[in-house]
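K.L.:
sharing a sequence plus its predicted fold:
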Amino acid sequence: MIATPAPPHPLVVHWLKRHRSAVSFILHMIGIPPTILGVLLFAVYVFQISFPIFVLALGLFLGGYGLQLAGHALEGTDAGEVIYFKRLFGIPYVEFPPGFGPFHELPESTSAPAGDARVQSASSTGTSAGPKSL
């Protein structure tokens, strides 16, 4: 008997909501593996103290991370690490692409009233997650 698939983890759902653009998603799928490989090769560098391995590890890390940042720049959002520091210092940030986010999942038959608490709480946190119009 085949079991039904488990629903995705909430962190996966949140990540997918933050990367709605196909170009951004593809750049992340290309950029994440070299970034991880660069971190792992840095551990090899520390063990062997090899300058070519260090250059390769640094190039993979910066190249992969650069692709991910380019995806966020094209999408018009801030990267997760940038969001962390902007929150820390109280600077406004953009977590979700315009028109998408946690508050855009209202039923299609109803629209959010102007005094909806969810919309006001989103605007008070400094994010652009609140809906403009549905």
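P.N.:
Now that the structure is in, tell me what you want to look at.
K.L.:
can we go C-alpha only for contacts and neighbour counts from here?
P.N.:
Will do.
K.L.:
tell me which stretches of the protein form helices.
P.N.:
Ranges of helices in the chain, per DSSP state H, are 10-18, 22-48, 51-75, 80-89, 117-124.
K.L.:
in a markdown table: those, plus mean pLDDT.
P.N.:
Below are these laid out as a markdown table (pLDDT from 0 to 100):
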| stretch | mean pLDDT |
| --- | --- |
| helix 10-18 | 88 |
| helix 22-48 | 92 |
| helix 51-75 | 94 |
| helix 80-89 | 92 |
| helix 117-124 | 42 |
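K.L.:
which of these is buried the deepest?
P.N.:
Between the helices of the chain, helix 51-75 has the highest mean count of neighbours, a mean of 18, where neighbours are mean count of other Cα atoms under 10 Å.
K.L.:
contacts for it next, please.
P.N.:
When contacts are defined by Cα atoms under 8 Å, 6 or more residues apart in numbering, helix 51-75 is touched by residues 19, 21, 23-25, 27-28, 30-42, 44-45, 78-79, 97.
K.L.:
7 Å - rerun?
P.N.:
With Cα atoms under 7 Å, 6 or more residues apart in numbering as the test, helix 51-75 has contacts from 21, 23-24, 27-28, 31-32, 34-35, 37-39, 41-42, 45, 78-79, 97.
K.L.:
chain center to that helix: distance?
P.N.:
Relative to its parent chain, helix 51-75 has a centroid offset of 16 Å by Cα atoms, centre = their mean, to the nearest Å.
K.L.:
again, but for stretch 44-52
P.N.:
31 Å.
K.L.:
pull up the distance across that stretch, start to finish.
P.N.:
Start-to-end span of stretch 44-52 (Cα to Cα, to the nearest Å) is 11 Å.
K.L.:
before we move on, back to that, can you say which of the helices of the chain is nearest to Ala3?
P.N.:
Ala3 sits nearest to helix 10-18 of all those, at 20.5 Å, using Cα to Cα.
K.L.:
dump that closest one to CSV, restricted to CA.
P.N.:
Extracted C-alpha coordinates of helix 10-18, given in CSV (Å, rounded to 0.1, in the frame of the first residue of the first chain):
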residue,chain,number,x,y,z
PRO,A,10,6.7,25.1,7.3
LEU,A,11,10.2,26.3,6.7
VAL,A,12,10.1,24.9,3.1
VAL,A,13,6.8,26.5,2.5
HIS,A,14,8.1,29.8,3.8
TRP,A,15,11.3,29.5,1.6
LEU,A,16,9.1,28.8,-1.5
LYS,A,17,6.9,31.9,-0.7
ARG,A,18,10.1,34.1,-0.6
